[in-house]
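Q: Provided below are the primary sequence and the corresponding predicted coordinates.
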Amino acid sequence: MVWASFTHKISFDAQPEDIHYCTADVGWITGHSYIVYGPLSNRGHSVIFEGIPTYPHAGVFWEIIEKCKVRTF
């Protein structure tokens, strides 16, 4: 958890209250490290997306980023 917190902080310039969006599967190492542990330990927020990145269209990620005011992707 310490490593996930540190690497999230330096890699994404994480600031308190940031909204972070990682599209990895939460079951993979990057998923739980950068969807759950990293953002939360740096006092940020996470957007979790479950689904297919091209459904209902290929721009769904960008719509989520705009709607949720994501700072880091």
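A: That came through, no problem.
Q: which residues does the residue nearest to residue 48 when sequence neighbours are not counted contact?
A: Nearest residue to residue 48 in three dimensions, chain neighbours excluded: residue 35, at 6.0 Å (Cβ to Cβ, 6 or more residues apart in numbering). The way it works is simple: take the backbone N, C-alpha and C, and place the C-beta from them, glycine included. Contact partners of residue 35, counting by Cβ atoms under 8 Å, 6 or more residues apart in numbering, are 20, 22, 24, 26, 46, 48.
Q: quick check: next helix or strand after the worst-scoring helix or strand of the chain on mean pLDDT?
A: Within the chain, no helix or strand scores below helix 29-31, which has a mean of 88 by mean pLDDT, DSSP states H and E. Counting by DSSP states H and E, the next helix or strand C-terminal to helix 29-31 is helix 38-41.
Q: tell me the mean pLDDT over the strand or helix carrying residue 6?
A: Element membership for residue 6 (DSSP H and E) is helix 2-12. Mean pLDDT, helix 2-12: 94.
Q: from the chain's centroid, how far away is it?
A: 12 Å (Cα atoms, centre = their mean, to the nearest Å).
Q: for that helix, which positions count as buried?
A: Across helix 2-12, burial judged by 16 or more other Cβ atoms under 10 Å covers 4-5, 8-9, 12.
Q: check which helices and strands that helix sits against.
A: Applying 3 or more Cβ pairs under 8 Å, 6 or more residues apart in numbering; DSSP states H and E, we find helix 2-12 packed against helix 38-41.
Q: residues contacting the helix it packs on, please?
A: Contacts of helix 38-41 (Cβ under 8 Å, 6+ apart): 1, 4-5, 7-9, 12, 14, 18, 20, 44-46.
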